[in-house]
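Enquirer: I would like the atomic coordinates for the input below:
(one chain, ligands or ions: 1)
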Amino acid sequence: MEKLPDNLAAALLPWYETAARDLPWRRDVTPYRVWVSEIMLQQTRIEAARSYFERFMAALPTVAHLAAAPEQTVLKLWEGLGYYSRARNLHRAAGIIMEKYGGQLPADEALLRALPGVGDYTAGAVASIAFGLPTPAVDGNVLRLCARLTCCPDSIGDGRVKAAFRQALAEQYPPGRCGAFTSALMELGETICLPGTPDCGACPLEKRCRAARTERPWDWPVTGSKKPRRIQQRTVFILEHQGRIALTQRPDKGLLAGLWEFPNTEGELDELAALCQADRWGCEPEGLEPCGRAVHIFTHLEWHMTGWRVRCARAPERFVWTDAAQRQTGYPIPSAFRAYRQLL
Ligand code: SF4
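Expert: Next up, the predicted model:
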């Protein structure tokens, strides 16, 4: 692997001072705010995370508030962001921070990494941005940037490549400006050195970048081939009894654990089969109408859903029968069901 260009900070930091976007977590920087924002941004776009972050901070402004909140409150604040294990881990980690560190996040990368939901990237980001330590935060954006700077021929999916870039970046951290250096690398990867269309003309590193000297800088990074996602057919039921809609809670473990959903089953059920299923649940169906198809994509799985809206004469206790206000405030419903929720 080619060496990273020397002294990246000298070119990056002056650029960052003028180009940095005004993001809520960059104001009033505290370890708690940095931590929550980094967890939120793990699988969420910045624009989508903004309003969630502000709502989360208004409701749970400190580690102590987060630790004391019921898990369902945390999940409700997370509703629609997906990857709910992030919210659960935040909540668990807050309890640990209260117990072991008196409510203050530890200023140590290894101790941060030991918290639930905190991996190398998040530990590096929090340690450098919140505590000024020389700890790189290497995510897909930073890997892409490094791969282009060096025209790296190896797949960035290879852990050894990632480790080598992390080590090379760690050696370049400028004393006293560690947080800004981490943020500048992220900012460049998110705004200029984009996956399909790097804007090399606007890049402060253009003169040092090997890919920019080629005709096709977007050919880097090299990636390994990905496994195709598994497709699962499901049938979703909007069961309605006297204006109330049935919800059920998912199991404690696995996909979307502990969240609430419209009753659904595996397979694509036609009208008759859907009526039979509603009957088996004890709903005494009086009629039904189709309510469309929807697709939801998880990391390794796609749900291809068919919906039926069923009028029920009975409201069996196996479900919770909710009104609109309860669904709005009380039950975290994942965005996988957004298409059906919008019908209500
Ligand atoms: S010069 Fe182009 S390819 Fe190189 S780091 Fe900058 S934006 Fe990315």
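
Enquirer: so Glu266 touches Gln277, yeah?
Expert: No. In this structure Glu266 lies outside contact range of Gln277 using C-beta atoms under 8 Å: 11.0 Å. Yep, even glycine has a C-beta here, placed from its N, CA and C like the rest.

Enquirer: The closest residue to Leu205 other than its chain neighbours: neighbouring residues, count only.
Expert: Closest residue to Leu205 apart from its sequence neighbours, by C-beta to C-beta, 6 or more residues apart in numbering: Ala11 at 5.7 Å. Neighbour count for Ala11, taken as other C-beta atoms under 10 Å: 17.

Enquirer: Now do the phi/psi pair for Ala11.
Expert: phi -90, psi -30 (degrees, to the nearest 10).

Enquirer: circling back: now list whatever residues contact both of Glu266 and Gln277.
Expert: Common contacts of Glu266 and Gln277, defined by C-beta atoms under 8 Å, 6 or more residues apart in numbering, comprise Thr235.

Enquirer: Name the residue in those two with the higher neighbour count.
Expert: Comparing Glu266 with Gln277 by other C-beta under 10 Å, the one with more neighbours is Gln277, at 20 against 10.

Enquirer: Can you tell me how far the more buried one is from Ala212?
Expert: Gln277 sits 58 Å away from Ala212, going by C-beta to C-beta, to the nearest Å.

Enquirer: before we move on, what about Tyr84?
Expert: Distance from Tyr84 to Ala212, by C-beta to C-beta: 40 Å.

Enquirer: what about stretch 77-92, how long is it end to end?
Expert: Using C-alpha to C-alpha, to the nearest Å, the span of stretch 77-92 from its first residue to its last is 15 Å.

Enquirer: Other residues contacting it?
Expert: Taking C-beta under 8 Å, 6+ apart as the rule, stretch 77-92 contacts 35-36, 39-40, 42-44, 48-49, 52, 55-56, 59-60, 66-67, 69, 71, 74-75, 115-118, 256-259, 332-335, 338.

Enquirer: repeat that for 7 Å
Expert: 36, 39-40, 42-44, 52, 55-56, 59, 66, 71, 74-75, 116-117, 256, 259, 332-335 (C-beta atoms under 7 Å, 6 or more residues apart in numbering).

Enquirer: just stretch 52-72 next, same as before
Expert: 24-25, 32-33, 36-37, 40, 77, 81, 88, 90-91, 94-95, 97-98, 103, 332.

Enquirer: Please spell out the PyMOL selection for the buried subset of the residues you listed.
Expert: The buried residues among the contacts of stretch 52-72 can be selected in PyMOL (16 or more other C-beta atoms under 10 Å) with this line:
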select buried, resi 24+25+32+33+36+37+40+77+81+88+90+91+94+97+98+332
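
Enquirer: Just the ones of the contacts of stretch 52-72 in helices?
Expert: 32-33, 36-37, 40, 77, 88, 90-91, 94-95, 97-98 (DSSP state H).

Enquirer: Turn those residues into JSON lines, columns for distance to Pro153 and pLDDT.
Expert: Putting the ones in helices among the contacts of stretch 52-72 into JSON lines (distance: C-beta to C-beta, whole Å; pLDDT from 0 to 100) gives the following:
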{"residue": "Tyr32", "distance to Pro153": "41", "pLDDT": "98"}
{"residue": "Arg33", "distance to Pro153": "39", "pLDDT": "98"}
{"residue": "Val36", "distance to Pro153": "38", "pLDDT": "98"}
{"residue": "Ser37", "distance to Pro153": "34", "pLDDT": "98"}
{"residue": "Met40", "distance to Pro153": "34", "pLDDT": "96"}
{"residue": "Leu77", "distance to Pro153": "44", "pLDDT": "96"}
{"residue": "Arg88", "distance to Pro153": "39", "pLDDT": "96"}
{"residue": "Leu90", "distance to Pro153": "38", "pLDDT": "98"}
{"residue": "His91", "distance to Pro153": "42", "pLDDT": "98"}
{"residue": "Ala94", "distance to Pro153": "43", "pLDDT": "98"}
{"residue": "Gly95", "distance to Pro153": "45", "pLDDT": "98"}
{"residue": "Ile97", "distance to Pro153": "42", "pLDDT": "98"}
{"residue": "Met98", "distance to Pro153": "47", "pLDDT": "98"}
